[in-house]
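In: Turn this into a structure:
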Amino acid sequence: MASKSKLSRTRNIGIIAHIDAGKTTVSERILFYTGRSYKMGEVHDGEAVMDWMPQEQERGITITSAVTTCSWKNHEIHIIDTPGHVDFTIEVERSLRVLDGAVVVFCAVGGVEPQSETVWHQADRYGVPKIAFINKMDRVGADYFATISMMEKRFNSRPLPIQIPWGREETFSGVVDLIRQQLVTWDHATLGLSFNYSDIPADLLPQVGQFREQMIETLAEIDDNFADQYLEGKEISAGEIVSAIRKATLSLKVVPVMCGSALRNKGVQPVLDAVLAYLPSPEDIPPIRGVNPVTHAEETRLSSHKEPLAALAFKIMQDEGRKLTYLRIYAGEMQAGQEIYNASKQKKEKIARLLKMHANKRERIEKAVAGELVAVMGLKETTTGDTICDEGHPILLEPIDIYEPVISQAIEAKTPADQEKLSMALSKFMEEDPTLLVKYDDETAQTVISGMGELHLEIIIDRLIREFNTRVNIGQPRVVYRETILKKTEIDGRFEKELGERKHFGHVRLVLEPLSRGSGLEFDRRIDGTAIPEEYYGAIEEGVRESALSGCLAGYPVVDVRVSLVGGSFREGEASALGYKVAASSAFKDGCAHADPIQLEPIMNVDVLTPSEFMGDVIGDIHARRGEIQAVSPKGSISEIKARVPLRALFGYSTDLRSATQGRAVFSMQFFRFDKS
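Out: The predicted model follows:
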């Protein structure tokens, strides 16, 4: 029973938000109030515990997701503080994949900002229950209720305010707990460590009554048992309200909303209480689903130490040259020294050490069980998204979505010694970061790195120089293009050659036709096994897919094309897999050349928040960059502009935007799709 109660007293949560909403400050306060840190680290001083990388401390942003563990009211909380910058979306994606619940932080001034929409939808995709914390209530322009109405418009989950603020901007002094009908204020002298419950001021009572009634009505709409009590006019206790909110939050019907100012040490402890009260323990989440790699049947694993082992590797990190693999254990248990099975790579691995992490500090443990987030040393073959399991009961969990890079930069080592360091460093970075691609160009003797944005590549290069002491020359950032075709074409491919002692023959007939944007490359077989035996179909598809990696215009990958195998011929004794593969490859290349090939460039979704007086200039500049305005929505003195702009036209945009708006506008961009320029 002990382990069951320990599981129900465990929370795996992420803190997610738009850049600058105050996620890391909230994390720092949580660590301080739970006794995990003895001193508050401030982001603006470069001293935040969770932002431990030098690049994070200098820029005041989070780059990697840091994992830590703290305890609150006899519960163990595992926290991942995730980045808010769109270039590091993979960090949020892989964190949400392994978390049970999330605290979404909003800025009371900016409201629902572009990246907070992205992370919210990522959480929805993985079915992660959320609570919202509206931060920066003490700032000029803070508006709690306007932020809630933005949440109602933008998201398909219902925000449920369980607190309202007492005062706003510089008069923000505390919060009213609508469930217990009490005022909560924090003691400035103890840095918010001590706080007081008191009666609600008389002038606030009408507003409290109105919002409490709305909260109860919303719960009655969702929960039939609760509705019966409400309609019968029975007095509903605080405990009953809490359990109704928990039920509605776990079923993703509501998102409890709270407020405060993390920097001013107000409002953080009730968020910790809400994490325990409303977010799920590993026992509350549905059993994890996977596929048995041997039988291909779907299987499930309950969150219990008695089940066979099932864990997902969600992050790889290099720590002083040694590889650390972060795992979320969904079922079973693991011990230091144990041999485990990587079902994704079909390899056995051995756990050298098991560690519990606190940002970049760690503590050795001998055993870890279902529901825990741990780091492991000694897994040589494991990469992000791999499933670790018991070899006798294999299971493959759904891997993590990886994004396509949209920008590349050429780098070259200054000396042969640097070249050696460069190759080693980049292979380590690629293990850590699946969105980083590295390609060596033989013609120019340059290494080309591709990633999610300018900042992403800038951080990689900065780390090469600092961590690995590698001296490199850096080229200008370049856009990564794709190629496609505009018309349908039919083409023959034939290969006949004597290689070594044997003749190789292959003959295929392919039809290439354009598809809608974002369709990728489809391969279709429209012939029966009489013209070409079925055993060669795999080689033909392989030839097409390999050939599609470099198009006929400028060598970029070919996308949005359907390739259909419609005919061909077979020669007994001469036909070979190699023959058909080469025939298919050359047919695809020739077909593309005859089908009006064109180049596609990455188009970005751009969101700009600007003071309204600069709106005309910002829109004019977007048009000058060949952008299309999608929507303009005024939010008081600030306007939000949504546009689609080619990435090529966005280099240096942050500097131009700042100078056009006196440094007051902010923007974020995200890949939309490859399209014609």
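
In: how about the nearest residue to Thr384, chain neighbours excluded?
Out: Residue nearest to Thr384 in three dimensions, not counting chain neighbours: Pro434, with 5.0 Å by Cβ to Cβ, 6 or more residues apart in numbering. Just so you know, the C-beta spots here come from the backbone N, C-alpha and C atoms, and that holds for glycine as well.

In: do the same with Lys367
Out: Nearest to Lys367 is Gln335, by Cβ to Cβ, 6+ apart, at 4.9 Å.

In: From Leu324, how far off is that neighbour?
Out: 18 Å (Cβ to Cβ, to the nearest Å).

In: These two: which is more packed in?
Out: Set Gln335 next to Leu324 and count neighbours by other Cβ atoms under 10 Å: Leu324 wins out with 21 against 13.

In: ok, back up a step: let me know whether the residue nearest to Thr384 touches Pro399 as I believe.
Out: No - if you go by Cβ atoms under 8 Å, Pro434 and Pro399 don't touch, sitting 9.9 Å apart.

In: So which of these two has more stuff around it?
Out: Between Pro434 and Pro399, counted using other Cβ under 10 Å, the more crowded position is Pro434 (20 against 16).

In: Wait, a helix at that one?
Out: No - Pro434 is assigned coil when assessed by DSSP: H, G, I helix; E, B strand; the rest coil, not a helix.

In: and the gap between the residue nearest to Lys367 and Ser586?
Out: Taken as Cβ to Cβ, the span from Gln335 to Ser586 is 54 Å.

In: likewise Val255?
Out: Counting by Cβ to Cβ, the gap from Val255 to Ser586 is 56 Å.

In: Of those two, give the one with the bigger neighbour count.
Out: A count of neighbours by other Cβ under 10 Å puts Val255 above the other of Val255 and Ser586, at 23 against 19.

In: Would you mark the buried spots in stretch 311-330?
Out: Residues 311-318, 323-330 are the ones in stretch 311-330 that count as buried (16 or more other Cβ atoms under 10 Å).

In: what's Val376 in contact with, if anything?
Out: Residues in contact with Val376, defined by Cβ atoms under 8 Å, 6 or more residues apart in numbering, are 324-327, 334, 351-355.

In: tell me which residues in whichever strand or helix holds it are buried?
Out: Following DSSP states H and E, one finds Val376 within strand 373-377. Within strand 373-377, the residues that count as buried by 16+ other Cβ under 10 Å are 373-377.

In: and if you look at stretch 151-164?
Out: Residues 151, 155, 157-164 are the ones in stretch 151-164 that count as buried (16+ other Cβ under 10 Å).

In: Would you convert the residues you listed into CSV that also reports secondary structure?
Out: As requested, these are exported to CSV (three-state DSSP):
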residue, secondary structure
Met151, helix
Phe155, coil
Ser157, coil
Arg158, strand
Pro159, strand
Leu160, strand
Pro161, strand
Ile162, coil
Gln163, strand
Ile164, strand
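
In: Between those, which sits nearest Val291?
Out: Using Cβ to Cβ, Ser157 comes nearest to Val291 of the buried residues of stretch 151-164, at 29.6 Å.

In: Helices of the stretch 451-600 of the chain, residue ranges please.
Out: 454-468, 537-547, 577-594 (DSSP state H, counting those that start in this stretch).

In: Quick one: closest of those to Thr147.
Out: helix 454-468 (26.5 Å).

In: I'd like to know which elements the closest one is packed against.
Out: With contacts taken as 3 or more Cβ pairs under 8 Å, 6 or more residues apart in numbering; DSSP states H and E, helix 454-468 sits against helix 54-59, strand 407-413, helix 416-432, strand 446-451, strand 472-479.

In: Among these, which comes closest to Arg526?
Out: Closest approach to Arg526 among those is made by strand 446-451 (35.0 Å; Cβ to Cβ).

In: Parallel or antiparallel, which strands does the closest one pair with?
Out: strand 407-413 (antiparallel), strand 437-441 (antiparallel) (DSSP bridges).

In: Can you say which of the ones you listed is nearest to Ser303?
Out: Ranking the strands paired with strand 446-451 by proximity to Ser303 (Cβ to Cβ) places strand 437-441 first, at 35.2 Å.

In: May I see the buried residues of that closest one?
Out: Val438.

In: one step back: need the worst-confidence member of the contacts of Val376.
Out: Looking at those by pLDDT, the weakest one is Leu324, with 82.

In: That one against Leu355, yeah?
Out: Yes - using Cβ under 8 Å, Leu324 is in contact with Leu355, at 7.4 Å.

In: which residues do the two both contact?
Out: With Cβ under 8 Å, 6+ apart, Leu324 and Leu355 have common neighbours 375-377.

In: Now distance to Lys306 too, for those residues, in TSV please.
Out: Below are these laid out as TSV (distance: Cβ to Cβ, whole Å):
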residue	distance to Lys306
Ala375	24
Val376	21
Met377	26
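
In: ok, these vs Lys367, which is closest?
Out: Distance to Lys367, by Cβ to Cβ, is smallest for Val376 among those, at 12.3 Å.

In: per-residue confidence for that closest one?
Out: Among the per-residue scores, Val376 holds a pLDDT of 89.

In: State the distance from it to Gln346.
Out: Distance of Val376 to Gln346, computed by Cβ to Cβ: 19 Å.

In: Also Phe523?
Out: The value you get for Phe523 to Gln346, if Cβ to Cβ is used, is 25 Å.

In: So for the two, which residue has more residues nearby?
Out: Neighbour count, other Cβ under 10 Å: between Phe523 and Gln346, Phe523 has more, with 18 against 11.

In: Just checking, which helix or strand of the chain averages the lowest pLDDT?
Out: Within the chain, no helix or strand scores below helix 54-59, which has a mean of 43 by mean pLDDT, DSSP states H and E.

In: any idea which helix or strand comes after that helix?
Out: strand 66-72.

In: okay, whichever helix or strand comes after that following strand in CSV with CA atoms only?
Out: Note on strand 66-72: by DSSP H and E, the next helix or strand toward the C-terminus is strand 75-81. Coordinates of each C-alpha in strand 75-81 appear next as CSV, following Å, rounded to 0.1, in the frame of the first residue of the first chain:
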residue,chain,number,x,y,z
HIS,A,75,3.6,15.6,-1.6
GLU,A,76,6.5,15.2,-4.0
ILE,A,77,6.3,17.6,-7.0
HIS,A,78,8.5,17.0,-10.1
ILE,A,79,8.7,20.3,-12.0
ILE,A,80,9.9,21.0,-15.5
ASP,A,81,10.5,24.7,-16.3
